[in-house]
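# Could you look at this predicted model? Sequence included:
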Amino acid sequence: MCPAAITRPVSLGQPARKPLYLASETRVDLSVADNALVIRQAGRAPRRVPLNRLTRIICNRAACWSSDAIIRCLAAEVVIAWVDGHGRQVGCALPQEAHADTLPALLERYVELPDWTTRFDNWLTRRRLETLTFCMREALEQGRDIQQRGFETLKREYVYKGQHAQQFNPEGLGWLQAFVVDQLQRQTVQPRYWGYCGNALQLADALAGLLWAELNLGLGAMASQLDSTQLRAHVFECWARGREQRLLTHLGDLHRHLAKEVESW
């Protein structure tokens, strides 16, 4: 269970949009004023929730909506879902046209999911498999053997355990992490996101780990023979420039993953 005392650092950007649950057994009147949803209930002070802070609203039969409130919620791309007394969804109202969420916005919503760590680990496992397959194909096209060990052995060690041979000089990992952070900054994506129960999604480290495997499974053996930091840095920079698209490929797949997972919750 998430301890109540744990808090998350506040993002410097737009606050994360969150779901609103209205499960009262007594009547709740819903209206809008000044771009905020106004919630009124007998015996309680009115509550105002800015529409731009909401991603969806789950309510039951006790919710009494004004037409204007429904229209304004849909215009703000807030999904409204109605559930019955058993918690089953009986219907929902969807915006006519929903704009695609940006990657940073989806990341903020994703880490609010209670099981986001499991979901992300599963995604990362799939990306490790894609990385290994890419490296094997690249090696075949270049006429070289990626490893003496077979694909299935590498699959067991790297895809499922995250382990691979460390052939490039260890200093290269720091260079690679800096490269990833720089590229994320260009995409206005943070290297770290704080989520449910104070767990951190170390995005830069995860992406750097995927590229670190590519570097070691591919160029690592040759680069390990270089006897100067300057030469290794030069070789690394040449390699990194050709890996910008690979990083964008990982981010693109992550964007699709986030959109599906957030929508399904």
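Yep, that arrived.
# Could you use CA atoms for every contact and neighbour count after this?
Noted.
# Do a quick rundown of the strands in the protein.
Along the chain, counting by DSSP state E, strands occupy 18-22, 28-33, 36-41, 47-50, 54-59, 63-65, 79-83, 89-93, 193-194, 200-201.
# could the ones you listed be laid out in TSV, adding mean neighbour count, distance to residue 231 and mean pLDDT?
Shown next, in TSV, are those (neighbours: other Cα atoms under 10 Å; distance: least, Cα to Cα, whole Å; pLDDT from 0 to 100):
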stretch	mean neighbour count	distance to residue 231	mean pLDDT
strand 18-22	15	49	87
strand 28-33	18	64	96
strand 36-41	18	59	96
strand 47-50	14	55	95
strand 54-59	20	50	89
strand 63-65	17	68	96
strand 79-83	18	55	88
strand 89-93	13	60	85
strand 193-194	20	35	93
strand 200-201	17	34	95
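# so which of these gets nearest residue 138?
Distance to residue 138, taken as Cα to Cα, is lowest for strand 200-201 among the strands of the chain, at 29.9 Å.
# check contacts around the residue nearest to residue 46 when sequence neighbours are not counted.
Setting aside the residues directly before and after it, residue 46 is nearest to residue 40 in space (Cα to Cα, 6 or more residues apart in numbering), at 4.8 Å. Counting by Cα atoms under 8 Å, 6 or more residues apart in numbering, residue 40 touches 28, 29, 30, 46, 47.
# So which of those residues is the closest to residue 22?
Closest to residue 22 out of these is residue 28 (8.3 Å), distances taken as Cα to Cα.
# can you list the strands of the chain in TSV and add distance to residue 209?
Below are these laid out as TSV (distance: least, Cα to Cα, whole Å):
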stretch	distance to residue 209
strand 18-22	30
strand 28-33	47
strand 36-41	43
strand 47-50	39
strand 54-59	32
strand 63-65	48
strand 79-83	36
strand 89-93	40
strand 193-194	17
strand 200-201	14
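# can I assume residue 193 is in contact with residue 200?
Yes. Contact criterion Cα atoms under 8 Å: residue 193 and residue 200 qualify, at 5.6 Å.
# Helices of the chain, residue ranges please.
Using DSSP state H, the helices of the chain run over 67-75, 103-110, 116-141, 151-154, 171-186, 203-217, 220-223, 229-241, 244-264.
# Residue 136: which of the strands of the chain is closest?
Judged by Cα to Cα, the one of the strands of the chain that comes nearest to residue 136 is strand 200-201, at 28.7 Å.
# Which strands or helices does that closest one pack on?
Strand 200-201 sits against strand 193-194, with contacts defined as 3 or more Cα pairs under 8 Å, 6 or more residues apart in numbering; DSSP states H and E.
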